[in-house]
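> No letters, just coordinates:
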């Protein structure tokens, strides 16, 4: 079966590409995906079979998730009724038991939320978390913040040289460093991350991002005997409450590409092109 990591990487890149378009028709989506698939060496005919398998797996996962959600709701309803009955009858033992059951259920629900909102590879938040916690129904920010977009440098060369397993390790390595900043980190695309700063000003955020990048560059990685360094480019935008997410992202994206031009003058590719 086709490597899932390759399909995921191509899918994320396709999502990032179409997110920047105002209108996306099936023909436009197909054209973009076919070009990206060619870049990743994906055989379209082979992909059809692999997609069916992945779709069946996702359907099964969603059905399991739906079943668990239903069971938790029923359990919570039953437990709350027991607690009310215990309070009415002054049954301290029954009330204590209901509290224990509720606490156990709360832990199960937290675990369920993790499976819904966490990126399976990097354990950062995913786009569902972004929509649920930061944006309103019109995709506007619920409150002011500093948005940072991060894009890995030379990531395609790492994948092409060492393979997608190495690429996954790099994603986990960099995401762990981003998470050390102790702010929400969201995997937005294949090698793109978003960070949300709520307390700091833009100057402080810039210093933190530069320090994180500097730390990364000081830690070489070794994979199958090849030694290399990784880095990222970033762009910041101070978002106002009710600002459209798409406009804020576009502004941060422009600044990220300015930073990428600058950083690539100072940081060479991880591997010789020869």
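Ah, there it is. These figures come from a predicted structure and were not determined experimentally. Residues are numbered from 1 along each chain as shown.

> wait, residue 171 sits on residue 122?
Yes: between residue 171 and residue 122 there is a contact at 5.6 Å, judged by Cβ atoms under 8 Å. For the C-beta atoms, the positions are set from N, CA and C on the backbone; glycine is no exception.

> Need the distance between the two termini of stretch 183-191.
Criterion Cα to Cα, to the nearest Å; first-to-last residue distance in stretch 183-191 is 18 Å.

> er, stretch 130-144 I mean
Rule used - Cα to Cα; the end-to-end distance of stretch 130-144 is 14 Å.

> Name the residues of it that are buried.
130, 134, 140, 141 (16 or more other Cβ atoms under 10 Å).

> just stretch 213-222 next, same as before
213, 216, 221.

> between those, which is nearest residue 6?
Minimum distance to residue 6 across the buried residues of stretch 213-222 is 20.5 Å, recorded for residue 221 (Cβ to Cβ).

> what separates the closest residue to that closest one other than its chain neighbours from residue 173, distance-wise?
Distance criterion Cβ to Cβ, 6 or more residues apart in numbering; nearest residue to residue 221, sequence neighbours excluded, is residue 228 at 5.9 Å. Taking Cβ to Cβ, to the nearest Å as the measure, residue 228 falls 11 Å from residue 173.

> same question, residue 129
21 Å.

> Between those two, which is the more surrounded one?
Set residue 129 next to residue 173 and count neighbours by other Cβ atoms under 10 Å: residue 129 wins out with 18 against 14.

> which secondary structure element contains that one?
helix 127-133 (DSSP states H and E).

> Residues touching that helix, excluding its own?
Here helix 127-133 makes contact (Cβ atoms under 8 Å, 6 or more residues apart in numbering) with 116, 117, 118, 139, 184, 186, 188, 194.

> now, which of these lie within helices?
116, 117 (DSSP state H).

> ok, of the buried residues of stretch 213-222, which one's closest to residue 263?
Nearest member of the buried residues of stretch 213-222 to residue 263, counting by Cβ to Cβ, is residue 213, at 7.8 Å.

> For the host helix or strand of that closest one, give me every contacting residue.
Per DSSP H and E: residue 213 is located in helix 202-217. The contact list for helix 202-217 (Cβ under 8 Å, 6+ apart) reads 146, 148, 150, 173-174, 177-178, 180-181, 195, 197, 200, 229-232, 234, 236, 238, 263, 267.

> Buried ones from those, can you make that a ChimeraX selection?
To isolate the buried ones among these in ChimeraX, judged by 16+ other Cβ under 10 Å, type:
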select :146,148,150,174,177,178,181,195,197,230,231,232,234,236,238,263,267
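
> and the contacts of helix 202-217, which of them are in helices?
173, 174, 177, 178, 263.

> The second one and residue 28: what is the separation?
Think residue 174. Residue 174 is 31 Å from residue 28, by Cβ to Cβ.

> Spell out, range by range, the strands that occur in the protein.
145-152, 185-187, 192-197, 221-223, 226-228, 232-239 (DSSP state E).

> now these as TSV including distance to residue 256 and mean pLDDT?
Converted to TSV, the strands of the chain look like this (distance: least, Cβ to Cβ, whole Å; pLDDT from 0 to 100):
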stretch	distance to residue 256	mean pLDDT
strand 145-152	5	96
strand 185-187	15	95
strand 192-197	9	96
strand 221-223	23	91
strand 226-228	22	90
strand 232-239	3	96
